[in-house]
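K.L.:
sequence and predicted structure, then a few things I'm wondering about:
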Amino acid sequence: MSNDAPETGAFFARDREWHPKPLTPGYKTSVLRSPQKALLSFDNTISEITGPTFGHSMLGELDNDLIHNFARNGESAIGERIVVHGRLLDERGRGVAGALLEFWQANAGGRYRHKRDGYLAPLDPNFGGCGRTVTDERGFYAFRTVRPGPYPWPNGPNEWRPAHIHFSVFGHGFAQRLITQMYFEGDPLIARCPIVRTINDPAAICQLTAALDMNATVPMDALAYKFDIVLRGRRSTLFENRLEGN
Ligand SMILES: [Fe+2]
């Protein structure tokens, strides 16, 4: 919801307390996902270092419009229409250009279009649930979607994920992919979520929580939420793939 001031100075030590420990049994899946042995380090291959290269030319016209990118002609996804926007930033608060952002989410009822999602909420025939965009020269991105619904998951007898959107950020090499989740300001399920509760610092949770941004709303059309992603530094966004040893 708020970012601390950008880093200054020449060296930015990583705050090892910022990300939770990989093994946090309250989040059941972390027991199997967390490394049980010392990590091995491999050199990157040439293709990992030199690719991929992204450009706006690879994007389809509706790739950043989840309301329409899966919908039949003249129809649109059901749900609360929103714009999600923000900037991809480095540790000094500078925008990062040309990064591929991919996002995926449940529909307005909390159901993913995935064969292993058996939640009883119905699929929306006009909603696919994924999209992508590339940050502009100042690091800005934006996309349209519907607000995802919360959904239950089998972590315990009655656990619910807060409304959230998954993000993947590609840098300029395949080895630079980062994954995170965005939550919505004011959602009472955030504080109850076992995944969120693995995070010790309330400021880190706040940073994953998009603020309602009335300035970016489209009157009579869509509300807007602002979500900045910080790649590095002491106030880096929490990236969940780092919990698996990255
Ligand atoms: Fe999810």
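P.N.:
Here it is on my side, so go on.
K.L.:
where do the strands sit along this protein?
P.N.:
81-89, 100-104, 130-134, 140-146, 151-153, 159-161, 164-170, 178-184, 209-212, 223-226, 229-230 (DSSP state E).
K.L.:
most packed of the ones you listed?
P.N.:
strand 229-230 (a mean of 24; mean count of other Cβ atoms under 10 Å). All C-beta atoms are positioned from the backbone trio N, CA, C, and that covers glycine.
K.L.:
each with direction, which strands does that one pair with?
P.N.:
Paired neighbours of strand 229-230 in the sheet (DSSP bridges): strand 81-89 (parallel).
K.L.:
Asn241 is in contact with Ile179, correct?
P.N.:
Yes: contact criterion Cβ atoms under 8 Å: Ile179 and Asn241 qualify, at 4.6 Å.
K.L.:
residues in contact with Ser47?
P.N.:
Ser47 makes contacts with Phe174, as judged by Cβ atoms under 8 Å, 6 or more residues apart in numbering.
K.L.:
gap between it and Asp15?
P.N.:
Using Cβ to Cβ, to the nearest Å, Ser47 is found at 32 Å from Asp15.
K.L.:
repeat for Asn241
P.N.:
18 Å.
K.L.:
then Asp117?
P.N.:
Separation of Asp117 from Asp15 (Cβ to Cβ) stands at 35 Å.
K.L.:
could you do Ala175 as well?
P.N.:
23 Å.
K.L.:
and what of Asp213?
P.N.:
Counting by Cβ to Cβ, the gap from Asp213 to Asp15 is 27 Å.
K.L.:
more neighbours: which of these two?
P.N.:
For Asp213 and Asp15, the more surrounded residue by other Cβ atoms under 10 Å is Asp213, and the numbers stand at 17 against 13.
K.L.:
who's the closest spatial neighbour of that one, skipping the chain neighbours?
P.N.:
Lys226 (4.1 Å; Cβ to Cβ, 6 or more residues apart in numbering).
K.L.:
next: Pro6.
P.N.:
Pro6's closest residue in space is Gly93 (Cβ to Cβ, 6+ apart), at 3.0 Å.
K.L.:
isn't that neighbour up against Thr8?
P.N.:
No: counting by Cβ under 8 Å, Gly93 sits too far from Thr8 to count as a contact (9.6 Å).
K.L.:
just want to know which of these two has more residues nearby.
P.N.:
Using other Cβ under 10 Å as the criterion, Gly93 and Thr8 rank with Gly93 on top: 18 against 9.
K.L.:
now for Pro154, how many residues are close by?
P.N.:
For Pro154, using other Cβ under 10 Å, the count is 8.
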